[in-house]
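**Q** what's the 3D shape of this:
(4 chains)
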2 protein chains.
Amino acid sequence: MRLSKRGEYGLRAMIALAEPDEQDGSPRMMQIKEIALREGISSKFLEQILLALKNNGLLHSKMGVGGGYYLAKPATEITLGQIFRVLDGPVAPVKCVSQMAYEPCGCPDEETCGLRLVMGDVRNAISDILDKTTLANVVKRQGSLRKKLGIK
Amino acid sequence: MRLSKRGEYGLRAMIALAEPDEQDGSPRMMQIKEIALREGISSKFLEQILLALKNNGLLHSKMGVGGGYYLAKPATEITLGQIFRVLDGPVAPVKCVSQMAYEPCGCPDEETCGLRLVMGDVRNAISDILDKTTLANVVKRQGSLRKKLGIK
DNA sequence: ATAAAGTCTATAATTTCAGTATACTTTTTG
DNA sequence: CAAAAAGTATACTGAAATTATAGACTTTAT
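**A** As a prediction, this is how the structure comes out:
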């Protein structure tokens, strides 16, 4: 049940972009290289990932000198589920319980297939978390932990 | 977040072995070919899978004429989590939240990494289901559904 | 005009997955 | 004791997915 590097890097980048700007707390704009450096990622790889997020309406960008990426919507309106699905596809462990990419699997009777029932539960449990957690939630959670530990 | 074929086939086979015998309801013994045919799986591939489950203490086998595989323990004592981990490895989406295969990931401060916090929740949600669901649970659930639908 | 940024597409390298192949051991039974 | 039926063990292969790298192009600020 692994999260791909693509998904991981994309989520990290989005979280970074959702952190409030140090000065004015305005929507933050960052360059690919800046994020790549900060997160220790190949900037060429990150480039593709951010582009995909942009083409799916989660990021906006500004070209040219002084350009960069920024969130397409407030951090309260972007969920980890949206990001995950753009980068890693469906959340469901098996296609026969997928909302976004249903396909029958091999079981003789899908309605009463025990494996399918359980995997449906797993799917729901995962999407319950991913679809209810916004970037704002994540940033807040990080922030209060950091405060508690007296870091940064 | 996909379940591999290896994991899927293994889980299906274990569920099949957990279904009560039609005659006497005794612990069921089945041959590789029998299971493979029933589930529509390559029997050579299934062979490897069952062997792995055996070597990890979840199955017993009898060699020679009239042999086959059977559950090493009562179906109430084998969880889907145990089976999953043998065949697909850790449940955790990222190594840094894995119980069985922890490894640091790239985040500068693991304690306050937002992604890690959320993925920890996901891990717990998945293992909550997989580790609490036994083969007996699955069989029972299938059975009552079938009864309800008047099947078989 | 130039440099700094993102865009786009192709391709390379690596790893994982799913499945095959083959030789071997154990057990039953005639 | 021989033969057949079962599991054991390990090696290998082909395809696909993943993770990257490369390079040529477009847009914008100065």
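
**Q** C-alpha only now, for contacts and for neighbours.
**A** Fine.

**Q** contact partners for A:Ala18?
**A** For A:Ala18, the contact set (Cα atoms under 8 Å, 6 or more residues apart in numbering or on different chains) comprises A:Pro27, A:Arg28, A:Leu71, A:Ala75, A:Leu135, A:Ala136, A:Val139.

**Q** what pLDDT does the residue of chain A most remote from its centre get?
**A** Going by Cα atoms, centre = their mean, the residue of chain A most distant from its centre is A:Pro108, 35.3 Å out. For A:Pro108, the pLDDT comes out at 76.

**Q** how about whichever strand or helix holds A:Tyr9, does it reach DNA strand C?
**A** A:Tyr9 belongs to helix A:5-18 when elements are defined using DSSP states H and E. No - using Cα under 7 Å from any atom of the strand, helix A:5-18 never reaches DNA strand C; the gap is at least 11.5 Å.

**Q** now the helix or strand that that helix is followed by: buried residues?
**A** Per DSSP H and E, the first helix or strand lying C-terminal to helix A:5-18 is helix A:32-39. Neighbour-count burial for helix A:32-39 flags A:Ile32, A:Lys33, A:Ile35, A:Ala36, A:Glu39 (criterion: 16 or more other Cα atoms under 10 Å in any protein chain shown).

**Q** okay, strands next: where are they in chain A?
**A** Ranges of strands in chain A, per DSSP state E, are A:59-62, A:68-71.

**Q** give me whichever of those is most buried.
**A** Highest mean neighbour count among the strands of chain A (mean count of other Cα atoms under 10 Å in any protein chain shown): strand A:68-71, with a mean of 20.

**Q** quick one: that one near DNA strand C?
**A** Yes - for strand A:68-71, a contact with DNA strand C is found by Cα under 7 Å from any atom of the strand, at A:Gly68, A:Tyr69.

**Q** next, count neighbours for the closest residue to A:Leu135 other than its chain neighbours.
**A** With Cα to Cα, 6 or more residues apart in numbering or on different chains as the criterion, A:Leu135 has its nearest non-adjacent residue at 5.1 Å, and that residue is A:Ala75. Per other Cα atoms under 10 Å in any protein chain shown, the neighbour tally for A:Ala75 reads 21.

**Q** residue contacts, A:Gly81?
**A** A:Ser127, A:Leu130, A:Asp131, A:Lys132, A:Thr133.

**Q** go again using 6 Å as the cut-off
**A** Going by Cα atoms under 6 Å, 6 or more residues apart in numbering or on different chains, A:Gly81 touches A:Leu130, A:Asp131.

**Q** thinking again about what came up before, which one among the contacts of A:Ala18 gets closest to chain B?
**A** A:Val139 (6.8 Å; Cα to the nearest Cα).

**Q** pLDDT wise, what is that closest one at?
**A** pLDDT, read off for A:Val139, is 97.

**Q** burial measure for it, as a count.
**A** Other residues close to A:Val139 by other Cα under 10 Å number 21.

**Q** also the one 10 residues further on?
**A** A:Leu149 is surrounded by 11 other residues when neighbours are defined as other Cα under 10 Å.

**Q** any idea how far chain B is from it?
**A** 9 Å (Cα to the nearest Cα, to the nearest Å).

**Q** and what of A:Leu130?
**A** 8 Å.

**Q** and what of A:Val86?
**A** A:Val86 is 13 Å from chain B, by Cα to the nearest Cα.

**Q** how many residues are close by that residue?
**A** 18.

**Q** now swap in A:Leu115 and tell me
**A** A:Leu115 - counted by other Cα under 10 Å - has 21 other residues nearby.

**Q** ditto for the one 5 residues further on
**A** Here the count is done by other Cα under 10 Å, and A:Gly120 has 19 residues near it.

**Q** quick check, it in contact with A:Val97.
**A** Yes - if you go by Cα atoms under 6 Å, A:Gly120 and A:Val97 touch, sitting 5.5 Å apart.

**Q** give me every residue in chain A lying close to DNA strand D.
**A** A:4-7, A:42-45, A:48, A:62-66, A:88.

**Q** A:Gly150 - how many residues pack around it?
**A** A:Gly150, neighbours per other Cα under 10 Å, totals 8.

**Q** please tell me how far the residue nearest to the spatial centre of chain A sits from A:Glu8.
**A** Geometric centre of chain A, nearest residue: A:Ile83, 3.3 Å, by Cα atoms, centre = their mean. A:Ile83 sits 10 Å away from A:Glu8, taking Cα to Cα, to the nearest Å as the criterion.

**Q** what of A:Gly81?
**A** 12 Å.

**Q** over to A:Leu149?
**A** From A:Leu149 to A:Glu8 the distance is 25 Å (Cα to Cα).
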